[in-house]
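Student: What would the 3D arrangement of this be:
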Amino acid sequence: MKFVVMRKFENKLTDRIEIYGYIEEYEGTINRKEAIELLSKEFNWNKDLIIIRKIETKKGSNKNYIEAHLYTNEKSLKYFEPSYILRRHGKTEEDKKEGKEKESKETNQ
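Tutor: This next block holds a predicted model:
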């Protein structure tokens, strides 16, 4: 897999880097976890500070177009990203509580 950057914009107001690009030669649509790992290796960035806004695959193409935000700190990430995006990534307090409850139920069984 190779990530090709189409546009990279450093937004100093929001403490983030906005990345627009595509992944070549990937069968099907890449999932968020794989995309985050690829971007963290490509840009040498902390995985917890990467938000995937959109993944799109054009019909008949083997390219996955990605829109991502790379934040410099967690405070900016939680302030600027909408709650539904944070829920997708499991970064809300409710998601963390649910994850702990599931883990405790699994260990009790």
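
Student: how about the strands in this structure?
Tutor: Assigned strands in the chain, in chain order: 2-11, 16-24, 50-57, 64-71 (criterion: DSSP state E).

Student: Can you pull out the low-pLDDT segments for this protein?
Tutor: The chain contains residues with pLDDT under 70 at 94-109.

Student: export the strands of the chain to a markdown table and tack on mean neighbour count?
Tutor: Every C-beta, even on glycine, is put in place using the N, C-alpha and C of the backbone. Formatted as a markdown table, those follow (neighbours: other CB atoms under 10 Å):
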| stretch | mean neighbour count |
| --- | --- |
| strand 2-11 | 11 |
| strand 16-24 | 19 |
| strand 50-57 | 17 |
| strand 64-71 | 20 |
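
Student: Which one of the ones you listed lies nearest to residue 82?
Tutor: Nearest of these to residue 82, taken as CB to CB: strand 50-57 at 9.7 Å.

Student: Out of the strands of the chain, which gets nearest to residue 38?
Tutor: Relative to residue 38, the nearest member of these by CB to CB is strand 2-11, separated by 5.8 Å.

Student: Direction included, what does the closest one pair against?
Tutor: Taking DSSP bridges as the criterion, strand 2-11 forms sheet pairs with strand 16-24 (antiparallel).

Student: now the strand it pairs with and strand 50-57, what's the angle there?
Tutor: Using axes from the mean of the first three to the mean of the last three CA atoms, to 10 degrees, the inter-axis angle of strand 16-24 relative to strand 50-57 is 30 degrees.

Student: hang on, the earlier thing: could the strands of the chain go into TSV alongside distance to residue 93?
Tutor: Formatted as TSV, those follow (distance: least, CB to CB, whole Å):
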stretch	distance to residue 93
strand 2-11	26
strand 16-24	21
strand 50-57	17
strand 64-71	18
